[in-house]
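>>> Predicted model and sequence below, questions to follow.
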Amino acid sequence: MSARISRRQLLLAAAGTALELCACKKQQAAEEQPELILRYAENQPDDYPTTVAARAFAEKVKERTEGRVKIAVYSKGELGAEMSVIQQIQFGGIDFARVSLSQLAEYMPALNVLQLPFLYQDAGQMWRVLDGNIGDEFLTRLDDIDLTGLSWFDAGVRSFYTRRKVTCLAELQGLRLRVQESDTMSMMVSALGADPVQVVYSQVYAALHNGQIDGAENNWPSYEAMSHYEVAPYFLRDEHTRVPEIQLASIPAMEKLAALDPTFPGILRSCARESALIERTLWAEQEAGAEQDMLARGIVVTELSSEEKQKFRAAVQPLYDQFAEQAELIARIQKS
């Protein structure tokens, strides 16, 4: 009899232990459920520097809020094109995104000053500006258009590439060159004596192949990724613009974070700046790799002498004249 009772007691004890484990697992699962889930829009592929950095940002936020906040990153343009995403962030439909300065300048024209041609001597100067007081001032000013600026991402330096070899400013005259949908870029190409043609990015290859345009301008990774080198094998390294990108948050998202914990908005801003440094490192690696790949394929690269580059700078001076109201800011940038 006692043996049967013992076995019964063992079975009950085992059952009790199983129930306790199940309860613990349910409690743990409940504890791991985030209190706030936010959405991040990214239009690049999963392995692109900006997307990798966005996921790093999400991980940092999750870790430093002890799992209370989750940021879900949607890549490949799943949440819409950049212009649509900006509008959705303004209304709180999307919580975070990384967008091009060129697109954002359509909503805040003052940003155009940061993408003036030959504004910076090199990348180091640009980051001194953007990571300093001037960059912070612009991020703060985004509040005026119902956006919260978080940090600056790299998008490289842009140069021209053409169907036939171009070695100097004189040889650019009259060429039809594709530009982004940006008035500033169109004015720059016109100032250099060429004809700006706005062509959708996905159709640039066909336009080059068919002779609709004589050339285009972009950075090394884009030149390689879109196979433009196949139809425009001459690269003129004039490095006319450095167009950064911005990590944004919606105002409602920041308010939700503050309501959850007053320290969370500050934590998020720190995570955004750290993720920007990650993106810049990844971008530099990809940019260098793309350039090496193109050189290995036999792309002809023309380097400008300092005298010739000065001709380019002088040609675009009329653009600076149009920004006379921001002359003091431009001087601050150029002295940085």
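Looks like it came in fine. Residues are numbered from 1 along each chain as shown.
>>> you'd agree residue 158 is up against residue 236?
No: under the criterion of CB atoms under 8 Å, residue 158 makes no contact with residue 236, lying 11.0 Å away. (C-beta placed from N, C-alpha, C; glycine too.)
>>> which of these two has more neighbours?
residue 236 (25 against 22; other CB atoms under 10 Å).
>>> The more buried one: which element?
Element membership for residue 236, per DSSP states H and E: strand 234-242.
>>> how far out from the middle of the chain is that strand?
Computed by CA atoms, centre = their mean, to the nearest Å, the chain-centroid distance of strand 234-242 equals 20 Å.
>>> Walking through the stretch 101-250 of the chain, point out its helices one by one.
Assigned by DSSP state H, counting those that start in this stretch, the helices in the stretch 101-250 of the chain fall at 101-104, 123-130, 133-141, 183-191, 204-209, 220-225.
>>> need those helices in a markdown table with mean neighbour count and distance to residue 50, can you?
Formatted as a markdown table, the helices of the stretch 101-250 of the chain follow (neighbours: other CB atoms under 10 Å; distance: least, CB to CB, whole Å):
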| stretch | mean neighbour count | distance to residue 50 |
| --- | --- | --- |
| helix 101-104 | 21 | 13 |
| helix 123-130 | 18 | 16 |
| helix 133-141 | 15 | 17 |
| helix 183-191 | 20 | 20 |
| helix 204-209 | 18 | 20 |
| helix 220-225 | 20 | 11 |
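>>> hey, least reliable of those helices by pLDDT?
Note on the helices of the stretch 101-250 of the chain: helix 101-104 shows the lowest mean pLDDT, a mean of 88.
>>> Kindly spell out which helices and strands sit in contact with it.
Other elements packing on helix 101-104 under the criterion 3 or more CB pairs under 8 Å, 6 or more residues apart in numbering; DSSP states H and E are helix 82-90, strand 245-249.
>>> Pretty sure residue 315 sits against residue 172.
No: counting by CB under 8 Å, residue 315 does not reach residue 172; the two are 9.2 Å apart.
>>> Distance to residue 152 added to the helices of the stretch 101-250 of the chain, as CSV?
Formatted as CSV, the helices of the stretch 101-250 of the chain follow (distance: least, CB to CB, whole Å):
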stretch, distance to residue 152
helix 101-104, 9
helix 123-130, 4
helix 133-141, 6
helix 183-191, 18
helix 204-209, 26
helix 220-225, 18
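>>> nearest to residue 67, of those?
Nearest to residue 67, of all those, is helix 133-141, at 27.8 Å by CB to CB.
>>> Look up how far residue 237 lies from the residue most central in space within the chain.
Centroid check for the chain by CA atoms, centre = their mean gives residue 245 as the closest residue, at 4.0 Å. Distance, residue 245 to residue 237, using CB to CB, to the nearest Å: 22 Å.
>>> Let me know how buried residue 100 is, in neighbour terms.
Neighbour count for residue 100, taken as other CB under 10 Å: 19.
>>> Correct me if wrong: it contacts residue 155.
Yes: Residue 100 lies in contact with residue 155 (CB under 8 Å); the separation is 6.8 Å.
>>> Mind listing the shared neighbours of these two?
Shared contacts of residue 100 and residue 155 (CB atoms under 8 Å, 6 or more residues apart in numbering): 243, 245.
>>> Quick check: residue 224 touching residue 292?
No: applying CB under 8 Å as the test, residue 224 and residue 292 come out as separate, 10.0 Å apart.
>>> which helix is the longest one in this protein?
With DSSP state H setting the assignment, residue counts place helix 264-296 as the longest helix in the chain.
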